Every structure is written in C-alpha cells, then in structure tokens.
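> Need a 3D model of the sequence below.
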Amino acid sequence: MSSIAMTAAAARTILVTGVSGQVGFELRRALQGLGRIVAVDRAALDLADPASIRACIVSVRPDVIVSPAAYTAVDQAEREAHAARAINAVAPAVLAEAAKRIGALLVHYSTDYVFDGTKPDAYREDDATHPQNVYGATKLEGEQAIAASGASHLIFRTSWVYGMRGRNFLLTMLRLARERDELRIVADQVGAPTWSATIAALTASVIAQGIGSEQGLAEWARAKSGIYHLTAGGSTSWAGFAEAIFAEAQVEKAPRVIPIPASEYPVPARQPSNSRLDVSKLAGEFGLVPPDWREALSLCLASD
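Numbering: from 1, shown residues only. Prediction:
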C-alpha cells in the first residue's frame, strides 16, 4: 500500500454492527489497521428500530458499514416472522438508504437459505432463489432491498457458521460430547461449515482492496457492488461435521455418531438439503480462495 493509500486508510471510518455476535466479534479484530473502527452492539444500534439506525449513521458518518447483525434463530423465526422481518429485511433497507445518502459502502451478510436446496450442484450467485422458511425469505428481502437502494454494496452469502463463542453447531457438539454416548445427526443435508474468523478475514481482505485501490474506494465499490458467495471450501453433512469436530478436538470417549435422514429430526423450519455455494466469483473478483472447511475447523479449535 502506498503512503497516499495508507493516509487514506487512516482517515476511513468503518462502522461494525453486532459486535457481540460471533461474526461481528471476529470482524472487530480483522478490520484493525484499515481505519477507525466504530464497533456497536444492540445497545448502541438496535436494528429493530429504524430511528436508531439512522441516528447512528448520522452520528458516525462511516465510509464503510459492515453489518453482520441479523435475526438468526431459524426455527424461532417461524413463530416470530414480524421480528425476523424487522431485523433481516427492514433494517438492511434502512442501512442501505442511509449508506446511499452519505456515499458509504455497505457490507452485508446473507445465507444459503435463500435457496431451496434442490439443485444437485453448488449454487451460483445468479441461480434462482426460492427460500423454504421465514428466515430465508426475510434474508432474501434484505438482499433485494439493498440492491434496489442504489447504495454501493457487497452482499456475502455464507453457510453453516460456527466459532468458539455464541450458539452454534460446534459448541453444541462439544457440549453433547460430555453428556452423551451416542448422537443421532442428520446426514442427508450437505454444506460447507464456515468459521466466523474465515468470514471476517476474507471480508477484511476485500475491504482492504477497496481502500487501497488507485481508483478510490467510492469508485471501486460501485464497480464491485453485488452478491458474492463466501464459505469455506469443500462440503460435508451435519453428521460428517460432527465426526470431524470430535476427531479434530481429540475428544476422549467421543459419542458414536448415528447418521439419520432429516425426516427423522423434524424442526419447525424446513431446511435445504443442499447448501453448497460456489465461491468462484469471490476468487475471480478478489483473488481470494477460502480454506477447506476441515483446515479451518482445525485452526478454530487450536485458537481456543
């Protein structure tokens, strides 16, 4: 990065929402050095309150808004559709409107659940969406609102997010390993388990490219605006993920994993059987190749 670019980076302000969540926590770390980081949690910016969003943006006047905060309780969303829509659909629209007004870049995160999971291959960004539950539908509404706003934006769709904090499959398996002798885990749903730190690191790399670009951040952001798939490489089933967790964590007396079909583990929200996302666009546009999911899992467990 040239001295001029370094000066520009130092002058940037990056607003990060949801810093108490697993992705927001990692973003706060990964974005260091790219500008002045203003990290906010729900107390400072309530995504369910449009007035709170607008007031925060006016106060901070960021150059980049990185917003991982979302309503992620997939099954609960079936009962709380209004709350899920307020945070996953309305809030992104308000953020995009505010970003457009001040010329900021909005970085937003979406999900594999915008697809129905019936495609035999990995989903590309331009494949037809068809969410099967409230969570997926509200996340898709958020995507569409951002795209329609005219704001410069990067929407990163990810999947099967886990980490060493919050609520996620990894921590659930580690807890159950201490309590159970065997576990019945779904084996006919496949996807790429994606470490929250991987998402943060790749996001930071993309933003760094924009800040350091010769054309300037604003022009770069307009040219790069769109949807990108961002997951770890490879794929596995939930049962395969569980077995890998026990092996990588070197769990003594690991529970026996019994693979079962999703039909034997009914949940309120219908989930896609294929959550694989093609990440070749991310590589083509930004030169970034995510690590294999198993490699990232090993790094995650080693970082504890």
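> And the closest residue to residue 188 other than its chain neighbours, what's its pLDDT?
Nearest residue to residue 188 in three dimensions, chain neighbours excluded: residue 261, at 5.0 Å (Cβ to Cβ, 6 or more residues apart in numbering). Every residue, glycine included, has its C-beta placed from N, CA and C. At residue 261, the model reports a pLDDT of 97.
> what do you get for residue 236?
98.
> Also residue 252?
87.
> That one should be in a strand, yeah?
No. Checked against DSSP: H, G, I helix; E, B strand; the rest coil, residue 252 lies outside a strand; its state is coil.
> how many neighbours does it have?
8 (other Cβ atoms under 10 Å).
> The one 10 residues further on now?
The burial count assigned to residue 262 is 16, neighbours taken as other Cβ under 10 Å.
> now do residue 126
For residue 126, using other Cβ under 10 Å, the count is 9.
> secondary structure class for it?
coil.
> circling back to that earlier point, next one: the residue nearest to residue 188 relative to residue 185, how far apart?
11 Å (Cβ to Cβ, to the nearest Å).
> Give me the nearest residue to residue 72, chain neighbours excluded.
residue 135 is the one closest to residue 72 (Cβ to Cβ, 6+ apart), at 7.4 Å.
> Look up phi and psi at the residue nearest to residue 188.
Here is the backbone geometry of residue 261 (degrees, to the nearest 10): phi -80, psi 160.
> Just to check, it is in contact with residue 184?
No. With contacts defined as Cβ atoms under 8 Å, residue 261 does not count as touching residue 184, sitting 10.3 Å away.
> the more surrounded of those two?
Under the criterion of other Cβ under 10 Å, the comparison of residue 261 against residue 184 puts residue 184 first, with 14 against 11.
> Parallel or antiparallel, which strands does the strand or helix carrying that one pair with?
Assigned by DSSP states H and E, residue 184 belongs to strand 182-186. Strand 182-186 sits in its sheet next to strand 256-260 (parallel), going by DSSP bridges.
> And the partner strand, what's buried?
257, 260 (16 or more other Cβ atoms under 10 Å).
> contacting residues around it?
181-187, 237, 239, 242-243, 246 (Cβ atoms under 8 Å, 6 or more residues apart in numbering).
> can you rerun that using 6 Å?
182-185, 187, 239, 242-243 (Cβ atoms under 6 Å, 6 or more residues apart in numbering).
> How much space separates the residue nearest to residue 188 from residue 284?
36 Å.
> How about residue 194?
19 Å.
> who's more crowded, those two?
A count of neighbours by other Cβ under 10 Å puts residue 194 above the other of residue 194 and residue 284, at 27 against 10.
> how about the helices in this protein?
3-11, 22-30, 50-60, 74-77, 81-85, 91-102, 134-149, 169-177, 196-212, 217-224, 238-248, 280-286, 293-303 (DSSP state H).
> Name the residues of the fifth one that are buried.
What it means is helix 81-85. For helix 81-85, by 16+ other Cβ under 10 Å, it's 83-85.
> Just give me the closest of these to residue 164.
residue 84 (25.8 Å; Cβ to Cβ).
> was I right about the closest one contacting residue 73?
No. Contact criterion Cβ atoms under 6 Å: residue 84 and residue 73 do not qualify, at 8.0 Å.
> tally of neighbours for the residue nearest to residue 181 when sequence neighbours are not counted?
Closest residue to residue 181 apart from its sequence neighbours, by Cβ to Cβ, 6+ apart: residue 255 at 5.8 Å. Residue crowding around residue 255 was assessed by other Cβ under 10 Å; the count is 19.
> dump the residue contacts of residue 255.
177, 180-183.
> how much space between it and residue 297?
17 Å.
> swap in residue 269?
25 Å.
> quick one, which of the two is more surrounded?
residue 297 (24 against 17).
> Pull up the gap between that one and residue 92, please.
Distance from residue 297 to residue 92, by Cβ to Cβ: 30 Å.
> what's the answer for residue 83, then?
From residue 83 to residue 92 the distance is 15 Å (Cβ to Cβ).
> can you check residue 30 too?
Distance from residue 30 to residue 92, by Cβ to Cβ: 21 Å.
> related to what we said a few turns ago, need the contacts of residue 255 in CSV (columns: neighbour count, pLDDT and distance to residue 19).
As requested, the contacts of residue 255 are exported to CSV (neighbours: other Cβ atoms under 10 Å; pLDDT from 0 to 100; distance: Cβ to Cβ, whole Å):
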residue, neighbour count, pLDDT, distance to residue 19
177, 19, 95, 29
180, 12, 94, 33
181, 9, 93, 38
182, 10, 96, 38
183, 20, 97, 32
